[in-house]
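Trainee: Return a 3D structure for these sequence lines:
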Amino acid sequence: MKDASTYTSSPALKVNRIGHSAGADVYVGGIDDFRVYNRTLNESEIIQLSRNRTDIIVSQETSLGQNWTACVTPANTSSVGTALCSNNITIRGAYLNITTIYPNQTGQSQVITDEINNISITRNFSRTNNLTFNATANADYRPLTFRWFINLVLKYTEVVTSGFTSTFKWLFNTTGKFNVTVKVNGSDAGINDTFRFALTTSANVLPLVNNVRINSTHGTNYTNENLTVYWNSTDINNQKIINITDWRVNGNSIAVLNMPFEADGRKNATDYSTPYQNNGTTSGSPYWNKTGGYKGTGAYRFDILQELL
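Mentor: Numbers count the residues shown, from 1 in each chain. A predicted model of the protein is given here:
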């Protein structure tokens, strides 16, 4: 605080001096409760200090693992008593919870809330390919310890010191039901979170299509309108769906050959035209690439002269 007459001359401040600087530079005013911080104060700290709440340390000032003590010195208008210090407290982590998991039923990452601690998913069993799971936690400290269980049996432990995500891979080579559980702990054993995947592995289930319908541009079916087909497709195994479309006029396909080279469980050369159905047979062993083609869903590759369909 300062009085109306602020300085007797232009100030030339000096380090370690309060009030008088040098020569004729004299500060005229009052000073009380003088403090120096070797850091920038945040908004909450400034507000509490402005209210003279020296009895409060706001949460923004504390960090995990710090040891805090308050020492109080009593004083009256004429003397100062003996200081007495409080007990020590060690700052603990305030929160730890799993916020994102992978996969959900559609094979995507999913943000979860405190009310959700499990999810049901169905996948194909495989004798060669691992299933991948991951969980991301939100916490105010690290390291975090992730433990992954299958049917309550510990299978994998990961201590995460950078980032907040743990990844778990496992080969489910039989059909059945499995509980895949992830538990994350911080340095304080009392703070943890758990999430469970209710996994069902099954043999490949055929994809389904329903509600197939066509409309003209304006719904009036005139000759100057385009036709568009709509449908809904689902796959319980979460595999990519390829919709093979065959347009027909008066019951017959407009193409005499409709061979998209998608996986059909046989030669992958089915003709979907009607009534022709000229399915292909291979000769010379042309290579069918299940990730080939412009959609990445299957195509044939011919490398030598005698390879043909």
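Trainee: tell me how far the helix or strand hosting Arg196 is from the chain's mean position?
Mentor: Here Arg196 is covered by strand 192-202, with elements defined by DSSP states H and E. Put simply, strand 192-202 sits 16 Å off its chain's centre (CA atoms, centre = their mean, to the nearest Å).
Trainee: what ranges of the stretch 201-309 of the chain fall below the confidence cut-off?
Mentor: Residue ranges of the stretch 201-309 of the chain with pLDDT under 70: 236-238, 265-266.
Trainee: And the helices in it, which stretches?
Mentor: Counting by DSSP state H, counting those that start in this stretch, the stretch 201-309 of the chain yields no residue ranges for helices.
Trainee: Break down it into its strands, ranges please.
Mentor: Secondary structure of the stretch 201-309 of the chain (DSSP state E, counting those that start in this stretch): strands at 208-216, 227-234, 248-249, 252-253, 287-289, 299-301.
Trainee: Throw those strands into a markdown table and include distance to Leu171, thanks.
Mentor: Backbone N, C-alpha and C define where each C-beta goes, glycine included. A markdown table is the format used below for these (distance: least, CB to CB, whole Å):
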| stretch | distance to Leu171 |
| --- | --- |
| strand 208-216 | 28 |
| strand 227-234 | 26 |
| strand 248-249 | 44 |
| strand 252-253 | 43 |
| strand 287-289 | 25 |
| strand 299-301 | 29 |
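Trainee: Quick one, which of those gets closest to Val111.
Mentor: Nearest to Val111 among these is strand 227-234 (23.0 Å), distances taken as CB to CB.
Trainee: quick one: contacts of that closest one?
Mentor: Contacts to strand 227-234, defined as CB atoms under 8 Å, 6 or more residues apart in numbering, come from residues 207-217, 241, 243, 245, 247.
Trainee: try it again with 10 Å
Mentor: Strand 227-234 is contacted by residues 207-217, 221, 241-243, 245, 247 when judged by CB atoms under 10 Å, 6 or more residues apart in numbering.
Trainee: same thing with stretch 146-156?
Mentor: With CB under 10 Å, 6+ apart, stretch 146-156 has contacts from 98, 133-135, 137, 157-160, 164-170, 172, 176-185, 192, 194, 196-197, 199.
Trainee: Separate out the buried members of these.
Mentor: Among those, those classed as buried by 16 or more other CB atoms under 10 Å are 98, 133-135, 137, 158, 160, 164, 166, 168, 170, 172, 178, 180-185, 192, 194, 196-197, 199.
Trainee: Out of the strands of the stretch 201-309 of the chain, which gets nearest to Thr122?
Mentor: Closest among these, using CB to CB: strand 227-234, at 11.6 Å.
Trainee: hang on, the earlier thing: which of the strands of the stretch 201-309 of the chain sits closest to Glu45?
Mentor: Across these, closest to Glu45 is strand 227-234 (CB to CB), at 55.7 Å.
Trainee: Direction included, what does that closest one pair up with?
Mentor: Strand 227-234 pairs in its sheet with strand 208-216 (antiparallel), by DSSP bridges.
Trainee: Give me the distance from the partner strand to the chain's centre.
Mentor: 35 Å.
Trainee: Would you mind giving the domain segments of the chain?
Mentor: 96-202, 205-241, 248-309 (automatic domain parsing).
Trainee: Identify, out of these, the most deeply packed stretch.
Mentor: Sort the domains of the chain by mean neighbour count, taking mean count of other CB atoms under 10 Å, and domain 96-202 sits at the top with a mean of 15.
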